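Chemist: Got a predicted model here, sequence first, then my questions.
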Amino acid sequence: MTTEPRYEPITTPEGDTFDAYCAVPASGSGPGILLFQEIFGINDNMRGLADKLAGEGYVVLVPDMFWRIERRFERKDESGMAEAFAIMQQLDFETAAEDIASTHAHLLQMTECTGKIGAVGFCLGGSLAFAAAGRSQVDGEGIDAAVSYYGSGNNDLLGLLPSVHCPMLFHYGAEDPFIPEEEIVEVEQAVAARADITVHRYAAGHAFSNWDAPSMYQEAAATEAWARTLAFFATHLR
């Protein structure tokens with residue numbers, strides 16, 4: 001069980017505010033996790049994942065990364081793909097990085113958070129989790145562990161690797177029509193010398209973890225990747 005979920009107002013350095021879905025464990029406290037959305041926004045899938053993580057003892061924030069374009073944008077699956085792609089193409093990664101840092105700082109300041117912070121994201125969010133690992137710092141401290149699920153922009157972020165000072169997991173579907181094999185190979189080669197970074201491939205397509213999109217969801221891959229994610233966070237955040 002978790003406590004009643006809520007939305008937290010996150011304040012930017014300019015004084016603007018945006019929302020982040022918040023889930024807190026029944027114990028009332030725990031390590032923090034930043035959970036980053038797919039292109040469909042903070043939908044039932046993201047809220048459900050936040051609640052599952054809270055059920056594992058984590059304090060979770062899911063920031064509304066599209067708030068500068070359209071607040072609380074939310075779609076479900078392929079039926080909203082065109083709108084989701086259109087809004088994603090308007091996302092500025094520089095301001096997104098600022099919003100990640102603001103959410104990171106807010107999570108650290110929450111009384112429920114016991115200190116260590118992880119990041120995990122899916123699709124677009126997989127790349128945002130990578131960006132968080134490489135760029136987000138609060139008082140000189142960065143993310144403690146990060147997980148990227150089929151990050152569609154990861155290859156453009158490989159230059160951040162020297163700034164990633166935490167362990168990472170990358171999950172990819174080997175049959176992903178949006179991420180060609182050569183891009184997965186490029187990531188594997190880029191991190192090959194890093195003992196603290198692991199890349200996993202699954203017999204699955206894109207968004208295989210999205211239980212709310214039946215045509216994409218692939219239970220076996222999702223279950224295996226989730227178990228690895230939980231074990232990874234248990235090792236590095238506890």
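Modeler: That came through, no problem. All figures in this text were calculated on a predicted structure; none of them were measured in a lab.
Chemist: Now do the buried residues in the lengthiest strand in the chain.
Modeler: Identified as the longest strand of the chain according to DSSP state E is strand 113-122. Residues 113-114, 116-122 are the ones in strand 113-122 that count as buried (16 or more other C-beta atoms under 10 Å). Quick note: C-beta positions are derived from backbone N, CA and C, even for glycine.
Chemist: what's the answer for stretch 146-157, then?
Modeler: Within stretch 146-157, the residues that count as buried by 16+ other C-beta under 10 Å are 146-155, 157.
Chemist: Show me which pair in those is furthest apart.
Modeler: 147 and 155 (17.2 Å; C-beta to C-beta).
Chemist: outside of the helix or strand containing residue 223, which residues touch it?
Modeler: Secondary structure assigned from DSSP states H and E places residue 223 in helix 219-237. Applying C-beta atoms under 8 Å, 6 or more residues apart in numbering, the external contacts of helix 219-237 come out as 31, 33, 56, 58, 116-118, 120, 144-145, 147, 149, 166-167, 169, 171, 173, 200, 202-204, 208-209, 211.
Chemist: Write a ChimeraX command that selects only the buried members of those residues.
Modeler: Typed into ChimeraX, the line below selects the buried ones among the contacts of helix 219-237, using 16+ other C-beta under 10 Å:
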select :31,33,56,58,116,117,118,120,144,145,147,149,166,167,169,171,173,202,204,208,209
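Chemist: so how far is residue 69 from residue 231?
Modeler: 36 Å (C-beta to C-beta, to the nearest Å).
Chemist: nearest residue to the most centrally placed residue in the chain other than its sequence neighbours?
Modeler: Nearest to the mean C-alpha position of the chain, counting by C-alpha atoms, centre = their mean, stands residue 121 at 1.9 Å. Leaving aside its sequence neighbours, residue 121 sits nearest to residue 36 (C-beta to C-beta, 6 or more residues apart in numbering; 3.0 Å).
Chemist: tell me, how many neighbours does the one you found end up with?
Modeler: Counted by other C-beta atoms under 10 Å, the residues lying close to residue 36 total 31.
Chemist: sorry, back to before: for the buried residues of strand 113-122, work out which two are farthest apart.
Modeler: Farthest pair in the buried residues of strand 113-122, by C-beta to C-beta: 114 and 122, 24.8 Å.
Chemist: for the residue nearest to residue 121, what are its contacts?
Modeler: 62-63, 65, 100, 119-122, 124-126, 128-129, 132.
Chemist: swap the cut-off to 6 Å and go again
Modeler: Residue 36 makes contact with 121, 125, 128-129, according to C-beta atoms under 6 Å, 6 or more residues apart in numbering.
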